[in-house]
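Q: Here is a sequence together with a model predicted from it:
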Protein chains: 2
Amino acid sequence: MDRELLKGSTPLLLLSLLCEGPMYGYQIIETVRQRTGGTYTLKEGALYPALHKLEATEFITSYWETQDNGRERRYYSIQPAGEAFLTAKKKEWNQFVDMVQGFVGPRA
Amino acid sequence: MDRELLKGSTPLLLLSLLCEGPMYGYQIIETVRQRTGGTYTLKEGALYPALHKLEATEFITSYWETQDNGRERRYYSIQPAGEAFLTAKKKEWNQFVDMVQGFVGPRA
DNA sequence: TTGACGGACCTCGCTTTGCGAGGCACCTTT
DNA sequence: AAAGGTGCCTCGCAAAGCGAGGTCCGTCAA
């Protein structure tokens, strides 16, 4: 998958996923990998900075949770502001797809 | 329209447009603006570098044409290699859209 | 005649993003 | 003991879009 095309789609992906419930980083990567059948592997270098930025803008929050074996995971969950932002982003996404499709033509 | 989302879509747009026939820069900008009803204005700072890059890779060629009033325009036209590239890009685009749509969910 | 406007081309520096590579710590399995 | 998986992170690079700037020329109104 082209690296440039992906740009900008990450927040949309993350917020959409977190809308289904809290998740931690590693889990997000695995989920994406599995759901796409391995087509797309979200990279750590893209994920963590994106997550931190979404948290800084208060669209998501995080909390540490200790597992039975004593290890920790950082869970992220969506905030009300994040849901609103997601709604706007979705609209923008649809506009974007329509726009490009308008030039590329309907899919064969 | 979000600046980041656009990234990577420009070559796709340009090649698709040039598939319909030769065009010059200013004309491309106007065409995009009109066809999108003003929603999307392709910026010069994005267009010209993209055009030059496509020419450097020989996906398109350019030639100057003099108008009746003596002024010049630089027309770009697609090359066979560009058409092949466009086909591949289109496939990639469809995969990309499917991928994101898979997480965002079908459009409301 | 002058000046404003639009057509038409271009480049530079900034910002943002994804990515590769690296690092660290801990647990489980071999 | 070693290897591999889990789990978090950051750094520097490359690439793209954008704003702002610049240039040249034709046309049209004042």
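A: Done, it's in.

Q: Ramachandran angles for A:G8?
A: phi 90, psi -20 (degrees, to the nearest 10).

Q: Flag every residue of chain A that's near DNA strand C.
A: In this structure, chain A approaches DNA strand C at residues A:1, A:3, A:6-10, A:42-46, A:49-50, A:53, A:69-71, judged by CB under 7 Å from any atom of the strand. All C-beta spots, glycine's among them, are computed from the backbone N, C-alpha and C.

Q: wait, does the helix ranked longest in chain A contact DNA strand D?
A: When chain A is parsed with DSSP state H, its longest helix is helix A:80-104. No - remark: helix A:80-104 sits outside contact range of DNA strand D, by CB under 7 Å from any atom of the strand, the gap being at least 11.1 Å.

Q: Now do that helix and helix B:80-104, the angle between them.
A: 150 degrees (axes from the mean of the first three to the mean of the last three CA atoms, to 10 degrees).

Q: pretty sure A:E4 belongs to a helix, no?
A: Yes - with DSSP: H, G, I helix; E, B strand; the rest coil as the criterion, A:E4 is located in a helix.

Q: and it, how many neighbours?
A: 14 (other CB atoms under 10 Å in any protein chain shown).

Q: Pretty sure it sits against B:G8.
A: Yes - taking contacts as CB atoms under 8 Å, A:E4 lies within contact range of B:G8: 3.0 Å.

Q: Which residue would you name as the spatial centre of chain A?
A: Most central in chain A under CA atoms, centre = their mean is A:L14, positioned 1.6 Å from the mean C-alpha point.

Q: isn't there a helix covering that residue?
A: Yes - per three-state DSSP, A:L14 lies within a helix segment.

Q: Run a quick check on it versus A:T31, I expect a contact.
A: No - the pair A:L14 and A:T31 does not pass the contact test of CB under 8 Å, sitting 10.9 Å apart.

Q: got a list of what the residue nearest to A:S9 when sequence neighbours are not counted touches?
A: Nearest non-adjacent residue to A:S9, counting by CB to CB, 6 or more residues apart in numbering or on different chains: B:V100, 5.4 Å away. By CB atoms under 8 Å, 6 or more residues apart in numbering or on different chains, the contact list for B:V100 reads A:S9, A:L12, A:L13, A:W93.
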